[in-house]
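Visitor: next comes the sequence, and after it the predicted model I'd like to discuss.
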Amino acid sequence: MLHASLTADPARTVGPVHRRTFGSFVEHMGRCVYTGIYEPGHPTADADGFRGDVAELVRELGVTTVRYPGGNFLSGYRWEDGIGPKENRPVRRDLAWHSLETNQFGIDEFMTWCRRLDIEPMMAVNLGTRGLQEALDVLEYANHPNGTHLSDQRVANGHPQPHNVRMWCLGNEMDGPWQIGNLGARSYGRKAAQVAGAMRMADRDLELVACGSSNSGMPTFGSWENDVLEETYDLIDHISLHAYYQEHDGDLGSFLASVVDMDHFIDSITATADAVGARLRNNKKIQLSFDEWNVWYQTDHHAAAAAQATDDWRIAPRVIEDRYNVADAVVVGNMLISLLRHSDRVTAACQAQLANVIAPIMTEPEGPAWRQTIFHPFAHTARTAAGSVLHTELETSTYETERHGRAPVSDAVLTHDLEHGTATLYAVNRSTEQPLTLAADLRALVPSSVTEARVLAETDPYAVNTMAEPDKVTLREAKDTTLEEGHLTTVLPPISWTAITFTTGV
Ligand code: AHR
């Protein structure tokens, strides 16, 4: 049996639990929009064509913010194709995902859907094929009350109230050679600075996100952030981070330790941003928007994309509809632990994506919707994490991994809701074979009773949920949990994610 011990002190907080940590991402890609969140004619669809079964799952998932409309799709998108009478909207080629875009869903539909679900929209402007003028136009259309050409168009399209979008991304993954109109760091930084400066002339309180590296493996990783931030520091609020992990060649041990890389990634960007700030003698702290994160079997996608015929143009094809297993869900739960642990700097995050495309929610056209394994740690954390994140000291054994060197066998974070007198401990056991006893000294929190103890673990780490068996993998009660005189002890099964909520006296 493995062992780990943890202590926490309510006086030592990392930062608040940001509601934006539980964001998601809707891209015009595959079936995320069409037959995902939007399917007129579906038995559960409302008058606007939004699927009711999906909406219900989105509510249960606890999504707070949604980034839109892409992703790689963004860099070839003309936002005005998606407004006005639907019969007049053009069908266009989407080069990013080699499919046809009908534009039956656009900015107004997205805003209506968000409002209905009490979700904060996070928009992105196309800096690939387009630039400054279009960014100002979409901002005017979305946010100006009325009385101007574009805001009056929105009113005429049935939206008298401004959409009032606060957070705007300045392009997407502009360092990636796959990105339409990709740029070098200095060119992108200058373009982003111009767009940001002009957008702020319209509304100085916008929150603007500059593109960071597409992933930490990019050849320009680090220097890209440095150069972009030198060009934009005063004009933006966030720098973006994107990361996807997968199990490579049966190396489950490395995969389960993916968060070692994620932690290092976040710490590196924080240090880079602060170094630029120091050089510029600027006290402002740039925040981190981790606006694409998930498990994604990218190597499978690259093989499928390479095999796709160039004359194959389809509407809403099935693209990267990864089926997630138990190990994937444990890694997703661990990624949420990392995001919370960095809540001093990571103030927004979006799991990519929401429906069908590498998603917690799956659907069949005209059929049901169901929860993938990764749905469960997200929904549970979004529901239970509140108040502040506490500094925790975790002592745990380590194991050797191929990709990340020696890695801790367990990981944990603790949130404390002072107002309601509750706290939740989230923990993973990365061992593929052995259970781990986690002993937490929580006396400083004066805990009195465990109110909820849930675990995600199965004997088969590759078990998945399917349309036929949608609830095969779900959360179960974490039975081996005791709380005595401020000491909480729980047994974490091999390859598991656990959350334990308890009442506190402080
Ligand atoms: O989420 C899928 C894709 O991953 C996005 O379109 C892109 O931004 C990233 O490379």
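Guide: That came in fine, so what should we check first? Numbering: from 1, shown residues only.

Visitor: count the neighbours of residue 244 for me.
Guide: Using other Cβ atoms under 10 Å as the criterion, residue 244 is surrounded by 16 other residues. Quick note: C-beta positions are derived from backbone N, CA and C, even for glycine.

Visitor: which ones are touching the residue in the stretch 351-500 of the chain positioned nearest to the ligand?
Guide: Closest contact between the stretch 351-500 of the chain and the ligand, by Cβ to the nearest ligand atom, is at residue 352 (4.0 Å). The neighbours of residue 352, taking Cβ atoms under 8 Å, 6 or more residues apart in numbering as the test, are 24-25, 27, 71, 242, 244, 291-294, 296, 358.

Visitor: how about the strands in the stretch 1-150 of the chain?
Guide: Listed in chain order, the strands of the stretch 1-150 of the chain (DSSP state E, counting those that start in this stretch) span residues 2-16, 23-25, 65-68, 92-94, 99-101, 120-125.

Visitor: close to the ligand: what parts of the protein are there?
Guide: Within the chain, the positions near the ligand by Cβ under 6 Å from any ligand atom are 27, 29, 70-72, 172-173, 214, 292, 352-353.

Visitor: which secondary structure elements does the worst-scoring helix or strand of the chain on mean pLDDT contact?
Guide: Lowest by mean pLDDT, DSSP states H and E among the helices and strands of the chain is helix 298-307, with a mean of 85. With contacts defined as 3 or more Cβ pairs under 8 Å, 6 or more residues apart in numbering; DSSP states H and E, helix 298-307 has no helix or strand neighbours.

Visitor: show me what it is in contact with.
Guide: With Cβ under 8 Å, 6+ apart as the test, helix 298-307 has contacts from 98, 244, 246, 248, 319-320, 322.

Visitor: where does residue 243 sit, in terms of helix or strand?
Guide: In this structure, residue 243 sits in strand 238-245 according to DSSP states H and E.

Visitor: coming back round to it: now pLDDT too, for the residues of the chain next to the ligand, in TSV please.
Guide: Formatted as TSV, the residues of the chain next to the ligand follow (pLDDT from 0 to 100):
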residue	pLDDT
27	98
29	98
70	98
71	98
72	98
172	98
173	98
214	98
292	98
352	98
353	97
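
Visitor: strands of the stretch 151-300 of the chain, residue ranges please.
Guide: Going by DSSP E, counting those that start in this stretch, the stretch 151-300 of the chain shows strands at 167-170, 207-210, 238-245, 287-295.

Visitor: partners of the third one, with directions?
Guide: Strands that pair with strand 238-245, judged by DSSP bridges, come out as strand 207-210 (parallel), strand 287-295 (parallel).

Visitor: any low-confidence regions in the protein?
Guide: Scanning the chain for pLDDT under 70 picks out no residues.

Visitor: phi, psi for the closest residue to the ligand within it please.
Guide: Proximity of the chain to the ligand (Cβ to the nearest ligand atom) peaks at residue 71, 3.0 Å away. Backbone geometry at residue 71, expressed as degrees, to the nearest 10, gives phi 80, psi 170.

Visitor: residue 405 too?
Guide: Per degrees, to the nearest 10, the backbone of residue 405 is at phi 70, psi -150.

Visitor: what is it paired to in the beta sheet?
Guide: Going by DSSP bridges, residue 405 forms beta bridges with residue 401.

Visitor: and what of residue 295?
Guide: With beta bridges defined as DSSP bridges, residue 295 has these partners: residue 245.

Visitor: quick one: contacts for it?
Guide: 244-246, 322, 324, 328, 331-332, 358, 374.

Visitor: and if you look at residue 213?
Guide: Listed by Cβ under 8 Å, 6+ apart, the contact set of residue 213 reads 175, 220-222, 224-225, 241-242.

Visitor: again, but for residue 473
Guide: Contacts for residue 473 were tallied using Cβ under 8 Å, 6+ apart; they are 325-326, 329, 373, 376, 456, 458, 463-465.

Visitor: looks like residue 254 contacts residue 406 (just checking).
Guide: No - the criterion here is Cβ atoms under 8 Å, and residue 254 misses it with residue 406 at 11.7 Å.

Visitor: who's more crowded, the two?
Guide: More neighbours surround residue 254 than the other of residue 254 and residue 406, with 21 against 12 (other Cβ under 10 Å).

Visitor: determine the three-state secondary structure at the closest residue in space to that one that isn't next to it in sequence.
Guide: Nearest residue to residue 254 in three dimensions, chain neighbours excluded: residue 403, at 3.9 Å (Cβ to Cβ, 6 or more residues apart in numbering). Under DSSP: H, G, I helix; E, B strand; the rest coil, residue 403 falls in the coil class.
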